[in-house]
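>>> how would this look folded up:
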Amino acid sequence: MSRVVLDASAVLALLQDEPGASEVERHLGQAVISTVNWAEVAGALAARGLPPAPVRVAVEALGIDVEPFDVEAADETGSLWTATRDKGISLADRACLAVGRVLELPVVTADRDWLELDVGVDVRCIR
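Prediction:
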């Protein structure tokens, strides 16, 4: 299995044993999530009363690397604005796509709308 970039929706599906979780499990040990998208996961966990830091440690132990979001990824995120704004793609979603472009890796998400995007990223939907 090759490396992939996980969107927050994919990680949350895994953590909450939602539909598509088994698809995300196939990528464990070969997956990355950016710090921007981890912030989304952390926010969802905090909203449920769970402290994000211990969960992050558990996620990393499963083989998901939390990668820093750098200036190159920020530039790529900005460049995606025009191509994605009409589709309602959020900043964090553009950040995930940008990291996929920078790392030249497929992106795994639960957001089916991403399949309609033409932004130079191989999008794989878990549902």
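
>>> next secondary structure after the helix-or-strand element of the chain with minimal mean pLDDT?
In the chain, no helix or strand scores lower on mean pLDDT, DSSP states H and E than helix 52-61, which sits at a mean of 90. Moving toward the C-terminus from helix 52-61, the next helix or strand (DSSP states H and E) is strand 64-67.

>>> ok, residues contacting that following strand?
Under the criterion CB atoms under 8 Å, 6 or more residues apart in numbering, residues 6, 11, 28, 31-35, 38, 56, 59-60, 99 lie in contact with strand 64-67. Just so you know, the C-beta spots here come from the backbone N, C-alpha and C atoms, and that holds for glycine as well.

>>> could you do stretch 13-33 as well?
The list of residues contacting stretch 13-33 from outside it, by CB under 8 Å, 6+ apart, reads 1-8, 10-12, 41, 45, 55, 59, 62-67, 99, 103, 105, 108, 110, 126-127.

>>> just to revisit the earlier point, other SSEs contacting the least confident helix or strand of the chain?
Secondary-structure packing of helix 52-61 (3 or more CB pairs under 8 Å, 6 or more residues apart in numbering; DSSP states H and E): helix 8-15, helix 35-47, strand 64-67.

>>> nearest to residue 87, out of the ones you listed?
For the helices and strands packed on helix 52-61, the distance to residue 87 is smallest for helix 8-15, at 15.2 Å, taking CB to CB.
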